[in-house]
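Engineer: sequence-free structure coming up:
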């Protein structure tokens, strides 16, 4: 019984110290961050959180924004969609933040987007995703399928042949990306011979590999996602297929998955992203050096960590240009087509869609790195542009399904 | 008596915790109560209460999009889930499935719904005007409004008071149900199914009915959850969601009415608080807490608190039914 | 013709991997009535031990077949002593405790190994059947599963330990009255179950990308296989793994992987509805246990 009581008192004490402390110093700018830094999506969330910390520390070390220090209010959503809604409310009502960066899965973005829109707090979603969000309150700087696939498909077909087999993750990103792949395969004079979808938990690909061989395509494009799907690349190599049919992917490497594959397993897989650690530019080398100084080891850096870093830089540049943190002033500054130089290259805001024009690098996996073959500068988000014009309809508030 | 105490508590809590968080805690409490009824009083090992929660949420979202009106959508959500539960329950109970087998079937049904909903990203999956939306779920459906006035939305504080009122109402209904003949026979079936059936009670029909009532309460919680979150996703059907409901009940104390309610509210709030720290991995902390609860509070929170209360007031333990959870299975 | 041979191997492989995934749970649940919700995490611990050992320069087969099961068995003993032994006979409490353990291990693995995907490559090269290339490692998995079933049969049926263990599970009071220490037998059984989970995680590790949360994908499948098998440990394991493996592969190959997964689950519901005591509860005479 005594044990029980002690346990209780200890728990009560812990709860009291964890209690949120309200109140703010008026001379700081508050940046809210909601990311999954534990739970099943933390492989994406933790490096994003590190990148955000690095960006804010650098801003503060350089004297802050407009003379004010930037203070981060961050929450760990523990890979639980219900917590996104709760923390968004917390940020809006109690923390009184000036901007929110965060969200990883599309479902998590949709869980907080309306809350922030209603509250009039600017929102940055810094992740590559399926495209189509049209909302004046949000800025998105990740690549969309068209930006990536339009470049990747002719590149991959040029190195293989015209018969393409698509293996996609069975959720929204995979479904939409598969459609874009089919469109660009046709546009480039090829033929999509089969499209297969896989639930995210599937990790057995033996019979699929047999099926692919019975269809015998020239090229396999695989927008597969997550740890379970990584098994495909491993089992593909284990069957010796990597020497027979070339492989391309729109998602392998976003969470640094290519570092888990051995050199033999990964070599030759074709990808297209905005960022690669092997990008040999002064901006990226400098970024990696600063990251190493802050965290010791650069191995955690990945595509969306860099996107999150660039998202903060973009917002900071807009606050400087606007001279205030007022939402409408900052949006106006961003809509001037604001442009920053990040580790992945130039990021330019597209005023029509609030998405970004990005440099896309065509790459081939080589010795657990991504070797850049060609850089396509400033690709516009043509898929979202086709459905969204915030200049003409500033009150738009939908995620469009892009019809092809 | 408990319901009478619940009203002032529900009115005072907003001064301590944000109503937005309180709303979801009340919804979780209702969900846990539904399992507490089915498992704690009916002895039905249901691993898939999340199925009815999810169906309620999806039912509401699909109904609201198609009808454009929230009251009928609520009714549709609850009725659809209850009908589903009645069919599933009849199939299981008339098939005389053993306890563990029943647990597996309910779990599997939940997983089937999860898999199915996750794979509806394609544009072929439409119910009326509503796209099921796959892994990303359905956002942007009309939320609750005052019946007859589609522009008077019930949200924020009002939604909290509505949810709290419904929770109190459900608590009262559960109390009435349990003290009725039906409830006493249900407990009898939990204690000794063979004896009750030999006494001439139709065990299978009663179990099916209790299972359906539990599902209807879970669906009501689900529909309210959809209104609170303004998005429904397949994760409502997930393994984690199913397990969490059971955990809430065990932490709070099975076989009590207040146990699941307090268990759900306290675990839900703990999770919310934990997310504000980043020193230690939260999954690890949550795991440790659960293990410690099992080892040091073997009967759950509510019976332990009741024991403390009695000890503090030097009371002779009343004729309180202090069942160890081992007796329940 | 070649395709048929390839598919035959894939079917066998699917059955073998289900046997491996379920064996540890079958021992712990089937013999001790403990629902181990941390089963998936015991498996990934086996995987992480293997990866660590291989990175330290240990031969991959030694790491998988010897080091990983031993290490996980050791963890199993610690868990049994600290937590599980307090909870025998309390089915619901063991569920909560093992769910807690599962979260605890996920957190622990995240803290130690980080949250990014890890893995090792398959140690056996692929080879050709006619025009088709096939993963040579599949044969290793099938071999391990066959040896495992044989070893379990021999130990349970012919050794003194097997006899005492079965006796203790059936009537602990009488086993104790006969002078056997039931506490130690439970501990040993839990250790064996953990070792089997560790072995499964270890031999499957080269085929998958491991993340701390990977265990969740296994627990439901393992649970369904064990329960559908029914009261007889070995016959149940083999028959239900065969049934589900074949159903899953058939639908995966002919229709799509999504349908394959759903078909497995639907088959489980139908099977349990028709055979409410599991496969072996109907077709095999139930023995004394």
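Structural biologist: Looks like it arrived, so ask away. Every value quoted in this text rests on a predicted model; they were computed, and no experiment measured them. Numbers count the residues shown, from 1 in each chain, chains lettered A, B, ... in the order given.
Engineer: Report the distance from stretch A:364-377 to the chain centre.
Structural biologist: 19 Å (Cα atoms, centre = their mean, to the nearest Å).
Engineer: For that stretch, buried residues please.
Structural biologist: In terms of neighbour count (16 or more other Cβ atoms under 10 Å in any protein chain shown), stretch A:364-377 has its buried residues at A:364, A:365, A:368, A:369, A:370, A:372. For the C-beta atoms, the positions are set from N, CA and C on the backbone; glycine is no exception.
Engineer: Can you read off the backbone torsions of the fourth one?
Structural biologist: Phi and psi for residue A:369, reported as degrees, to the nearest 10, are phi -130, psi 170.
Engineer: shouldn't it be in contact with residue A:278?
Structural biologist: Yes: with contact defined as Cβ atoms under 8 Å, residue A:369 reaches residue A:278; the gap is 4.4 Å.
Engineer: Skipping adjacent residues, who's closest to the residue of chain B found nearest chain A in space?
Structural biologist: Taking Cβ to the nearest Cβ, chain A has its nearest neighbour within chain B at residue B:135, 3.3 Å off. Leaving out its chain neighbours, the residue that sits closest to residue B:135 by Cβ to Cβ, 6 or more residues apart in numbering or on different chains is residue A:171, at 3.3 Å.
Engineer: Might one say that that neighbour is in contact with residue A:200?
Structural biologist: Yes: in terms of Cβ under 8 Å, residue A:171 counts as a neighbour of residue A:200; the distance is 6.6 Å.
Engineer: So if I had to pick from those two, which one is more boxed in?
Structural biologist: Neighbours per residue (other Cβ atoms under 10 Å in any protein chain shown) separate residue A:171 from residue A:200, with residue A:171 holding more: 27 against 20.
Engineer: Look at residue A:166 and give its secondary structure.
Structural biologist: Assigned with DSSP: H, G, I helix; E, B strand; the rest coil, residue A:166 falls in the strand class.
Engineer: next one: the host helix or strand of residue C:22 to chain centre, how far?
Structural biologist: In this assignment (DSSP states H and E), residue C:22 forms part of helix C:2-32. Mean-position distance between helix C:2-32 and its chain equals 9 Å (Cα atoms, centre = their mean).
Engineer: same check, this time on stretch C:66-77
Structural biologist: Centre-to-centre, stretch C:66-77 and its host chain are 14 Å apart (Cα atoms, centre = their mean).
Engineer: That stretch and chain B, any residue contact?
Structural biologist: No: judged by Cβ under 8 Å from any Cβ of the partner chain, stretch C:66-77 makes no contact with chain B; its nearest approach is 14.3 Å.
Engineer: How about stretch C:121-141, which residues are buried there?
Structural biologist: C:121-123, C:126, C:129, C:132-141.
Engineer: These in strands, which ones?
Structural biologist: C:129, C:132, C:133, C:134 (DSSP state E).
Engineer: got the buried residues for the helix or strand harbouring residue A:283?
Structural biologist: Using DSSP H and E, residue A:283 falls within helix A:282-295. Across helix A:282-295, burial judged by 16+ other Cβ under 10 Å covers A:284, A:287, A:290, A:291, A:295.
Engineer: you'd agree the third one is up against residue A:54?
Structural biologist: So that's residue A:290. Yes: counting by Cβ under 8 Å, residue A:290 touches residue A:54, with 6.7 Å between them.
Engineer: mind listing what the closest residue to chain B within the stretch 151-300 of chain A touches?
Structural biologist: Proximity of the stretch 151-300 of chain A to chain B (Cβ to the nearest Cβ) peaks at residue A:171, 3.3 Å away. Shown in contact with residue A:171 (Cβ atoms under 8 Å, 6 or more residues apart in numbering or on different chains): A:200, A:225, B:118, B:119, B:121, B:134, B:135, B:136.
Engineer: What are the contacting residues of stretch B:140-147?
Structural biologist: Residues contacting stretch B:140-147 (Cβ under 8 Å, 6+ apart): A:110, A:114, A:398, B:60-61, B:64-65, B:68-71, B:74, B:130, B:150-155, B:159, B:162, B:226-227, B:230-231.
Engineer: likewise stretch B:177-186?
Structural biologist: B:37, B:41, B:42, B:187, B:196, B:201, B:206, B:209, B:210, B:213, B:257.
Engineer: and the stretch 51-200 of chain C, which residues reach chain B?
Structural biologist: With the criterion set to Cβ under 8 Å from any Cβ, the stretch 51-200 of chain C comes near chain B through C:83, C:86-87, C:89-93, C:95-97, C:99-108, C:110-111.
Engineer: Would you mind checking those residues for buried ones?
Structural biologist: C:83, C:87, C:90-93, C:95-97, C:99-108, C:110.
Engineer: hang on, the earlier thing: who are the neighbours in contact with the residue of chain B closest to chain A?
Structural biologist: Contacts for residue B:135 (Cβ under 8 Å, 6+ apart) come out as A:105, A:107, A:170, A:171, A:172, A:200, B:118, B:121, B:233, B:234.
Engineer: Sounds good, over and out.
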